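*Asks:* I would like the atomic coordinates for the input below:
(2 chains)
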Amino acid sequence: MIHLKKVTITIILLFFVLISHFSSVVRAQQVSIVVSPPLLELYIKPGKSVLIAYKIENNGDPVVLKSFVLPFEPKDSLGNIRIIPEFQGPVRFNLDNSIIQLNQPYVMKSNDSQQLLLRIRVPEGAPEGDYYYTLLTETQPPPVVEGVAMGRAKASIGSNILVTVTQNGNLDLNGKISTLEIIPRLKIPWGKRSINIIDATDKVPLVLVVHNKGKNFMKPEGKITLKSNFGEKATYNIIPQNILAQSERTLTASPSASYDCTLPAEQSLCKNTPSLVLSGFFVGRYQISADIGFGESSPRTFASTEFIALPLKFIVALIAVTIISALLMITIKRRQNQEIDIYK
Amino acid sequence: MMRIFFIAFILLFTLTFFSPVMALNMDSAQFKIQGGNVNIGAQDQDSSNYHITTTLGQTAANEFSSSGYIVKAGFQYIHSIIPFRFIVSNTNIALGTLLANTPATASTTVKVSFGLSGQYLVTAAEFNPLKTLSANTIPDTACNGGVDTCTTSSSKVWTSTSAYGFGYNMTGDDIPADFVDSTYYRPFADLSVAGSPQTIMSNTNVTLDSGSTPRNSTQSTMTFKANVSSVQPAGTYQTIISFIATPSY
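*Replies:* Numbers count the residues shown, from 1 in each chain, chains lettered A, B, ... in the order given. Purely as a prediction, here's the structure:
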């Protein structure tokens, strides 16, 4: 009987020890969520609605998610966005799913996927123009753990929705090249202009910024052409990237060279985000021109810039070698003269 | 004999009529095509009321236009079908029991995957400074102070054990350039006082790393740090850190 009592007490004690030990352990929880499609472009008449199927995947631990839509605006000219915390605009969103609703939590198991049927509706009388939104899906932070100082992470993933409300399908596309310039090694002022000078072996970063003055987002297409004085020509295609209404965007062209930011000589270049990096052996005067179109009904726009490539490193090395050689020759000649004087 | 004949017949039948399914690998040392399905039936279809273009052989590709709307999403718009993935390796960032003048650290890995195209941005902010239920707070760090005073948008050295607060360091891919090394910290933007979430990772071209190596994901480590004084009231200090990953438009 006493033995049984001892066993029972031991089991109870062990139970409490285990409980107290494991209850204070903070377990790592991984969040891994996927959204598809990450971008939607919609042209729609007032009074119409459309249903879009989104797919959310959870490849991490089981998680409680919540999906909602917020407007966004461009954050910079590089294509990044800033989410506006308050909903605005005439476009209405809701989910056609039977169970899940926007702004309501839902559970997803590990390696599970969920289709979200997003209904986008533009009421009658909605003003024409562009409205930009992000469908956000966020995780709920893990619960509070007593006795431990901690940050609890909440992860959100977004998918952008560009809505153009138009009554008759006509778009206001008005683009202009606001910047086309290289980042040279030397810039020499020359009257109202300046001369860009690079070394023959330099990588030449080129920045091309386009301003969309229209009321609708647009997708520019076109090319950048590099021409030398000797008639050589290279063409680089501009990658079609959306430029939101009344905003600027630094475009990207391809094929582009890249920097090796681990090399000290190229680290200063890594601070910039160029549209295109030209590489090769340049000698002489070069002209860079950009030719961009914004759609069938809008005029094309052009801009150009120039640079002069000189073998600066070679010239510097040549001057250095010449000076050193001259100094050596003078020294040798002096010694020879001294030796002749001694023999005399 | 009949059994052998029957087995041979089955084998012959299987090999003849069930050809193996071959995945099409569209890559070489120079290139790789993602989502490489063969569009065997791409064509436009029109009537007086609608215009549809289709590409067969894929799941979500379509461009649909009717008199009321046009939706652009699918294989014809390559940026719109490559899934956007966001991973936070650990959502419980436990700093443990804080001891006076003894900095405590904990880290989590942030990873973004965006196929072989696209650009993205990850921001971070705190709901409020580390605080207890009774509203005692550990203030956000100012780093070492003086010339080494950090802000939500500029990291500075935080090595002094007598500099108190809560902040974070970033190491890895696509992080802000001011995080020079693991001694550089910033405070989180505080959403409770309308702080603006700060960029912790961004890239305009996930395809290439800082050299020229092709890649389709990018990863960094965020290290949290807290340091308290001997007069810091005891309690369970917690906050929520909000990470938001958004693709470009």
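*Asks:* A helix includes A:Ile188, no?
*Replies:* No: when classified by DSSP: H, G, I helix; E, B strand; the rest coil, A:Ile188 is found to be strand rather than part of a helix.
*Asks:* What is the neighbour count of it?
*Replies:* Applying the criterion other C-beta atoms under 10 Å in any protein chain shown, we find 11 residues in the vicinity of A:Ile188. Bear in mind the C-beta positions are built from the backbone N, C-alpha and C, glycine included.
*Asks:* likewise A:Ile161?
*Replies:* Here the neighbour count serves as a burial measure; for A:Ile161 (other C-beta under 10 Å) it reads 26.
*Asks:* now A:Ile323
*Replies:* If you count neighbours by other C-beta under 10 Å, A:Ile323 ends up with 10.
*Asks:* That one sits in which helix or strand?
*Replies:* Secondary structure here is read from DSSP states H and E; on that basis A:Ile323 sits in helix A:312-343.
*Asks:* cool, A:Ala257 as well?
*Replies:* Counting by DSSP H and E, A:Ala257 is part of no helix or strand.
*Asks:* in terms of contact, does it touch A:Lys203 like I think?
*Replies:* Yes: using C-beta atoms under 8 Å, A:Ala257 is in contact with A:Lys203, at 5.8 Å.
*Asks:* Specify which residue of those two has the higher count of neighbours.
*Replies:* Neighbours around A:Ala257 and A:Lys203, counted as other C-beta under 10 Å, are more numerous at A:Lys203. The numbers are 20 against 14.
*Asks:* pull the longest strand from chain A.
*Replies:* Among the elements of chain A assigned as strand by DSSP state E, the one spanning the most residues is strand A:149-165.
*Asks:* now for that strand, which elements pack on it?
*Replies:* strand A:31-36, strand A:39-44, strand A:81-83, strand A:129-139, strand B:84-88, strand B:92-96, strand B:104-113, strand B:238-247 (3 or more C-beta pairs under 8 Å, 6 or more residues apart in numbering or on different chains; DSSP states H and E).
*Asks:* Turn these into CSV, columns for distance to B:Thr152.
*Replies:* Formatted as CSV, the entries for those read as follows, by distance: least, C-beta to C-beta, whole Å:
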stretch, distance to B:Thr152
strand A:31-36, 23
strand A:39-44, 29
strand A:81-83, 15
strand A:129-139, 21
strand B:84-88, 20
strand B:92-96, 18
strand B:104-113, 17
strand B:238-247, 13
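*Asks:* So which of the ones you listed is nearest B:Phe188?
*Replies:* Proximity to B:Phe188 (C-beta to C-beta) singles out strand B:238-247 among the helices and strands packed on strand A:149-165, at 6.7 Å.
*Asks:* Would you mark the buried spots in the closest one?
*Replies:* Buried residues in strand B:238-247, defined by neighbour count with 16 or more other C-beta atoms under 10 Å in any protein chain shown: B:Gln238, B:Thr239, B:Ile240, B:Ile241, B:Ser242, B:Phe243, B:Ile244, B:Ala245, B:Thr246, B:Pro247.
*Asks:* cool, and stretch A:133-153?
*Replies:* For stretch A:133-153, burial by neighbour count (16+ other C-beta under 10 Å) applies to A:133-142, A:145, A:148-153.
*Asks:* what's the spacing between it and its chain's center?
*Replies:* Stretch A:133-153 sits 26 Å away from the centroid of its parent chain (C-alpha atoms, centre = their mean, to the nearest Å).
*Asks:* What of stretch A:181-192?
*Replies:* The offset between the C-alpha centroid of stretch A:181-192 and the centroid of the whole chain comes to 27 Å, using C-alpha atoms, centre = their mean.
*Asks:* and that stretch with chain B, contact?
*Replies:* No: with C-beta under 8 Å from any C-beta of the partner chain as the threshold, stretch A:181-192 lies outside contact range of chain B, at a closest distance of 15.9 Å.
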